[in-house]
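Asks: Pasting the sequence and the predicted coordinates here, then a few questions.
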Amino acid sequence: MAWLKRLFRSKEKAAKPEHKMAMTSEQADKMLRMIEHTQDEELSCDEVFKLLYIYAEMASLGEDVGELFPLVEHHLEMCPDCREEYEAVMRILEKRMD
Amino acid sequence: MIERSNEDWLTSLQSPGKAKQGALADLREIILNSLPYAISKYLHPSDPHFDPLIQEVAQETLLRVMGRLETFKGQSKFTTWVHTISVRIALTELRRARWKEVSLDELQGGIDSDDKMREMPDQDMDVEISAEQSEIMAMIQKTMMEVLTDKQRKALVAVAVQGMPIAEVADRMGSNRNALYKLLHDARLKLKSHFEEQGITPENIRSSFEK
């Protein structure tokens, strides 16, 4: 727990009043995972949308889209809205009724 | 229905008269037949809203397609490009309906109010949580209070913790999806560099949950 103490030592005096947040450990884990995978440069939703049809079609053809479009793949991991839309387009391309 | 190449689609849709009407009617048919694959996960085909939604989305998609034909770069099938447009319209509509009763404040889950937490006990939440884990959670929360702006924290809690769609949070904050993604990106970067400055990785913290 040394790291935990280290994390807050510097701010201890300036700490604001205690607040409680209704967060489960799964939710905290999910958020920390996102922070961990944050990159300095990330594509925006609009930039991804302009590439999504190419990305989806190549994915449906079995291409390694993660290799070809790493920034799109990364955005889809970080953005639930774009992810949901990508998966919906894939269901159309693969005629899957999930 | 006529089989069309990308070039056929573009030529027909940009030509006057019957060729255009025929292409629009075929495209509409394609959208109507495809959308159920995309949305039946969220809205059952027997739902009375299902058909009207599909009709409405098909109409809106055709308008947008005609308005931005020049942005299609031809690196996929024309219809795949159209599907990304119809899916965006449909899911935006479904998210709006699904989240319309939820305000951002109630999603903060008591971040600004201890009373609220006591009013809404969640039986499933953190029942098994250890003292160490609960200390970590409190510390994460404290870091968020200190490092992030109100807006960043509100958005991050709504999206990353409560699972609210980015577009819906953006609406409630008078912003748009693109700008809100950037705001969240900044928030994540701030937290990441704060942890780094302290010599801690988020992975470090996460491993405590696995104990």
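Replies: Cool, the structure landed.

Asks: Figure out how far stretch B:98-107 is from the centre of its chain.
Replies: Taking the mean C-alpha point of stretch B:98-107 and that of its whole chain, the gap between them comes to 14 Å (C-alpha atoms, centre = their mean, to the nearest Å).

Asks: which residues are in contact with that stretch?
Replies: Counting contacts by C-beta atoms under 8 Å, 6 or more residues apart in numbering or on different chains, the residues outside stretch B:98-107 that touch it are B:Tyr42, B:Lys154, B:Val157, B:Ala158, B:Gln162, B:Met164, B:Pro165, B:Glu168, B:Val169, B:Arg172, B:Met173. Any C-beta I mention is one placed from the backbone N, CA and C, and that applies to glycine too.

Asks: hmm, who's touching stretch B:35-55?
Replies: Contacts with stretch B:35-55, where a contact means C-beta under 8 Å, 6+ apart, come from A:88-89, A:91-92, A:95-98, B:32, B:57-58, B:83, B:86-87, B:90-91, B:93-94, B:98.

Asks: Give me the local confidence score for the residue most central in space within chain B.
Replies: Within chain B, one residue has its C-alpha closest to the average C-alpha position: by C-alpha atoms, centre = their mean, that is B:Pro165, at 4.1 Å. In the predicted model, B:Pro165 carries a pLDDT score of 96.

Asks: how close does it sit to chain A?
Replies: B:Pro165 sits 5 Å away from chain A when distances are taken as C-beta to the nearest C-beta, to the nearest Å.

Asks: Kindly report the same for B:Arg4.
Replies: B:Arg4 sits 16 Å away from chain A, taking C-beta to the nearest C-beta as the criterion.

Asks: could you list every residue that touches that residue?
Replies: B:Arg4 makes contact with B:Ser12, B:Ala23, B:Asp26, B:Phe78, according to C-beta under 8 Å, 6+ apart.

Asks: List the contacts of the last one.
Replies: With contacts taken as C-beta under 8 Å, 6+ apart, B:Phe78 has the following neighbours: B:Arg4, B:Asn6, B:Trp9, B:Leu10, B:Phe72.

Asks: Which one of these is nearest to A:Met78?
Replies: Of all those, A:Met78 sits closest to B:Phe72, with 26.3 Å by C-beta to C-beta.

Asks: Now for chain B, the helix or strand with the poorest mean pLDDT.
Replies: Ranked by mean pLDDT, DSSP states H and E, the helix or strand of chain B with the weakest confidence is helix B:114-119, at a mean of 38.

Asks: what about the next helix or strand after that one and chain A, touching?
Replies: Helices and strands here follow DSSP states H and E; after helix B:114-119, the next one along the chain is helix B:131-147. Yes - in terms of C-beta under 8 Å from any C-beta of the partner chain, part of helix B:131-147 sits within range of chain A, namely B:132-133, B:135-146.

Asks: Under the pLDDT cut-off, which ranges of chain A? List them.
Replies: Low-confidence segments of chain A (pLDDT under 70): A:1-22.

Asks: any idea which element B:Val169 lies in?
Replies: With elements delineated by DSSP H and E, B:Val169 resides in helix B:166-172, which encompasses its position.

Asks: what residues does that helix touch?
Replies: For helix B:166-172, using C-beta under 8 Å, 6+ apart, the contacting residues are A:45, A:79-81, B:92, B:95-96, B:99, B:102-104, B:154-155, B:158-159, B:176-177, B:179-181, B:184.

Asks: ok now that helix, how far from the chain's centre?
Replies: Distance of helix B:166-172 from the chain centroid (C-alpha atoms, centre = their mean) equals 9 Å.

Asks: Give me the buried stretch members for that helix, please.
Replies: For helix B:166-172, burial by neighbour count (16 or more other C-beta atoms under 10 Å in any protein chain shown) applies to B:Ile166, B:Ala167, B:Glu168, B:Val169, B:Ala170, B:Asp171, B:Arg172.

Asks: got it, and stretch B:60-71?
Replies: B:Glu60, B:Thr61, B:Leu62, B:Val65.

Asks: Give me the subset of these lying in helices.
Replies: For the buried residues of stretch B:60-71, the ones inside helices are B:Glu60, B:Thr61, B:Leu62, B:Val65, with DSSP state H as the criterion.

Asks: Quick one: residues contacting the second one.
Replies: By that I understand B:Thr61. By C-beta under 8 Å, 6+ apart, B:Thr61 lies in contact with B:Ile31, B:Val82, B:Ile85, B:Ser86, B:Ile89.

Asks: ok, back up a step: how about the contacts of stretch B:98-107, which pair is most distant?
Replies: Taking C-beta to C-beta as the measure, those reach their widest spread between B:Tyr42 and B:Lys154, a distance of 25.6 Å.

Asks: Relative to chain B, how far out is A:Leu76?
Replies: Counting by C-beta to the nearest C-beta, the gap from A:Leu76 to chain B is 12 Å.
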